[in-house]
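Colleague: just a sequence and a predicted model for now, questions to come.
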Amino acid sequence: MSNTRPQQGAVEVPRGLAGVVVTETALGDVRGTEGFYHYRQYSAIELAHTRSFEDVWHLMFHGALPDAEQSAAFAARVAVLRHLPDEVADALPAIARASAAVGPLAGLRTALSLYGSATGLRPLYDTDPARRTEDALAACAVVPTILTALHRIGRGQEPLAPRDDLGHAANYLWMLTGSQPEPEHARAIEQYLVATVDHGFNPSTFTARVIASTGADLAACLVGGVGAFSGPLHGGAPARALDTLDAIGTADRIDPWIREQVLAGGRIMGFGHAVYRTEDPRSRMLREIAQKFGGPLVDFAVRVEERVEAILAELKPGRELHTNVEFYAGVVMERCGLPRTMFTPTFAVARVVGWSANILEQAADPKIIRPGARYVGEAPPQPVPAV
């Protein structure tokens with residue numbers, strides 16, 4: 001029992017804020033019981049099938065899908081923003097060395113802080129909507145450049161300058177590998193990026209909005225988003241989902257491995273979601289992409305998915321547990337030649353656009369986000385003991 005009474009007017013909410021609505025948004029929503037999510041008024045999965053990443057970026061920032069002329073103009077506009085300020089580019093070798101043990105996503109936090117200082121980003125509180133949007137466009141454009149440079153430096157390779165003649169996804173693959181990407185690989189990664197731009201008030205988006213509500217600068221908000229995103233229970237899961245396949249190893253080990261995990265109460269990475277009570281629509285789309293590529297890894301992943309669901313139905317009747325976006329995201333990225341250390345950074349290439357759209361929306365609201373907490377420690381006030 002608590003030692004103190006809740007503050008007058010306080011509202012008790014579920015642990016983890018589950019199901020709590022904290023604000024209004026025009027950016028999109030996730031309907032977990034329906035297995036559906038959308039960006040503004042459009043199905044996110046339909047957008048992934050039919051539109052470019054830049055078109056969806058335009059939608060999130062400007063509220064409408066561009067026509068053909070607007071699409072080309074917007075793509076050209078963001079392409080020229082991919083180049084890093086000299087101060088950031090010069091610091092990347094040191095950042096890469098310092099973050100070598102943990103990877104490019106950790107280095108991104110440092111680089112974004114430096115980027116904010118180098119470009120003179122001012123507090124959101126002190127800037128107008130047009131300036132905020134321009135700042136956000138530029139920040140989103142340089143994130144792939146930063147991440148790929150950190151990756152290449154960490155492997156003893158020279159960073160590659162971005163190419164203005166390539167789309168966002170193809171340019172990302174170019175800067176990562178130094179090779180002209182296969183069209184089907186570029187499109188598969190683009191579809192993945194579109195499908196992961198935004199996903200309701202997930203922890204990283206909420207974190208970015210909390211910081212934005214204080215009026216802090218854009219870089220501070222993005223750094224907070226990256227920090228929340230790095231956790232293995234959030235954006236850090238795609239590589240771990242493939243690690244699960246590695247741990248199982250062969251087809252004859254699928255059933256015993258799954259049974260052991262389920263009976264021991266262990267977590268099967270790549271399965272389950274905090275919101276969806278149906279199949280994750282992103283997972284369904286990525287499974288279809290993976291199956292078009294085919295191969296032993298894809299066949300094995302599909303078999304593991306089938307057996308996890310069947311064994312859960314047997315051992316835990318009534319418990320719904322389906323693959324989430326990370327399971328097949330890892331499979332698709334592996335088939336497209338991305339190293340596992342870049343799985344979560346690739347996720348961040350997309351999500352930074354969603355974070356920024358949410359930051360821009362939050363910056364228009366003058367109300368700071370300031371919830372309370374219930375104190376459960378020893379009853380105060382107690383006398384301070386003498387030394």
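Modeller: All right, it came through fine.
Colleague: quick one: the strands in this structure?
Modeller: 28-31, 36-39, 42-43 (DSSP state E).
Colleague: how about those, which one is nearest L176?
Modeller: Across the strands of the chain, L176 has its closest neighbour in strand 36-39 (25.5 Å, Cβ to Cβ). Just so you know, the C-beta spots here come from the backbone N, C-alpha and C atoms, and that holds for glycine as well.
Colleague: okay, buried residues for the closest one please.
Modeller: Buried residues in strand 36-39, counted by 16 or more other Cβ atoms under 10 Å: Y37, H38, Y39.
Colleague: and for stretch 182-201?
Modeller: Quick answer for stretch 182-201 (16+ other Cβ under 10 Å): 185-201.
Colleague: do stretch 258-276 as well
Modeller: I258, Q261, V262, I268, M269, G270, F271, H273, V275, Y276.
Colleague: for those, work out which two are farthest apart.
Modeller: Using Cβ to Cβ, these span at most 23.6 Å, a distance reached by I258 and V275.
Colleague: related to what we said a few turns ago, okay, the buried residues of stretch 258-276 in JSON lines with distance to A141 and pLDDT next?
Modeller: Below are the buried residues of stretch 258-276 laid out as JSON lines (distance: Cβ to Cβ, whole Å; pLDDT from 0 to 100):
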{"residue": "I258", "distance to A141": "43", "pLDDT": "91"}
{"residue": "Q261", "distance to A141": "41", "pLDDT": "89"}
{"residue": "V262", "distance to A141": "44", "pLDDT": "86"}
{"residue": "I268", "distance to A141": "37", "pLDDT": "80"}
{"residue": "M269", "distance to A141": "31", "pLDDT": "77"}
{"residue": "G270", "distance to A141": "30", "pLDDT": "73"}
{"residue": "F271", "distance to A141": "34", "pLDDT": "77"}
{"residue": "H273", "distance to A141": "30", "pLDDT": "71"}
{"residue": "V275", "distance to A141": "30", "pLDDT": "75"}
{"residue": "Y276", "distance to A141": "31", "pLDDT": "66"}
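Colleague: need the strands of the chain in JSON lines (columns: distance to P129 and mean pLDDT).
Modeller: Shown next, in JSON lines, are the strands of the chain (distance: least, Cβ to Cβ, whole Å; pLDDT from 0 to 100):
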{"stretch": "strand 28-31", "distance to P129": "20", "mean pLDDT": "93"}
{"stretch": "strand 36-39", "distance to P129": "20", "mean pLDDT": "95"}
{"stretch": "strand 42-43", "distance to P129": "23", "mean pLDDT": "98"}
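Colleague: for this structure, longest helix please?
Modeller: Counting residues, the longest helix in the chain under DSSP state H turns out to be helix 129-154.
Colleague: what's the domain layout of this protein?
Modeller: For the chain, automatic domain parsing gives the domain ranges 44-232+344-363, 238-335.
Colleague: where does the chain have its least confident helix or strand?
Modeller: When each helix and strand of the chain is scored by mean pLDDT, DSSP states H and E, helix 238-248 comes last, with a mean of 84.
Colleague: residues of it that come out buried?
Modeller: Result for helix 238-248 [16+ other Cβ under 10 Å]: buried residues P238, A239, R240, A241, L242, T244, L245, I248.
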